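*Asks:* Give me coordinates for this.
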Amino acid sequence: RQVYKWDEAFDHQMSNYFRIDFQVVYKINRPRYSLEWRLDIQNLTNRRNAGWYYYVPSTETIKLKKQIGVVPLLSCRIDF
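*Replies:* The predicted structure follows:
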């Protein structure tokens, strides 16, 4: 079971977080609307930063969970 140590709440910190994002936007302006296409690539360098710690009851150990790598996002937006 989880036990909180409120006296040590801010004693331990995760390592520094580093991530590079890249974004390309193509926008078309018309008299009645605008159209925008966006390609957003998050974590371009594929760095697996530390996410959080969790407890494994079967082995009674604390493990580090890392975040995912590259995340590509493609979106379209229409403004009237």
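*Asks:* switch to C-alpha atoms for all contacts and neighbour counts from now on
*Replies:* Noted.
*Asks:* Relative to Ile78, how far out is the residue lying farthest from the centre of the chain?
*Replies:* In terms of distance from the mean C-alpha position of the chain, Pro31 ranks first, at 36.5 Å (C-alpha atoms, centre = their mean). Distance, Pro31 to Ile78, using C-alpha to C-alpha, to the nearest Å: 13 Å.
*Asks:* Model confidence for the residue farthest from the centre of the chain, exactly?
*Replies:* Among the per-residue scores, Pro31 shows a pLDDT of 94.
*Asks:* Validate this expectation: it resides in a strand.
*Replies:* No: counting by DSSP: H, G, I helix; E, B strand; the rest coil, Pro31 is not part of a strand but coil.
*Asks:* From Asp79, how far out is it?
*Replies:* 11 Å.
*Asks:* again, but for Pro72
*Replies:* Pro72 sits 23 Å away from Asp79 when distances are taken as C-alpha to C-alpha.
*Asks:* Comparing the two, which residue is more hemmed in?
*Replies:* Pro72 (14 against 9; other C-alpha atoms under 10 Å).
*Asks:* Quick check: chain neighbours aside, which residue is closest to the more buried one?
*Replies:* The spatially closest residue to Pro72, leaving aside those adjacent along the chain, is Ile41, at 4.4 Å (C-alpha to C-alpha, 6 or more residues apart in numbering).
*Asks:* Next, the buried residues of the one helix or strand that neighbour maps to.
*Replies:* If you go by DSSP states H and E, Ile41 is part of strand 34-42. Residues of strand 34-42 classed as buried by neighbour count (16 or more other C-alpha atoms under 10 Å): Asp40, Ile41, Gln42.
*Asks:* Show the pLDDT at the residue nearest to Pro72.
*Replies:* We have a pLDDT of 97 for Ile41.
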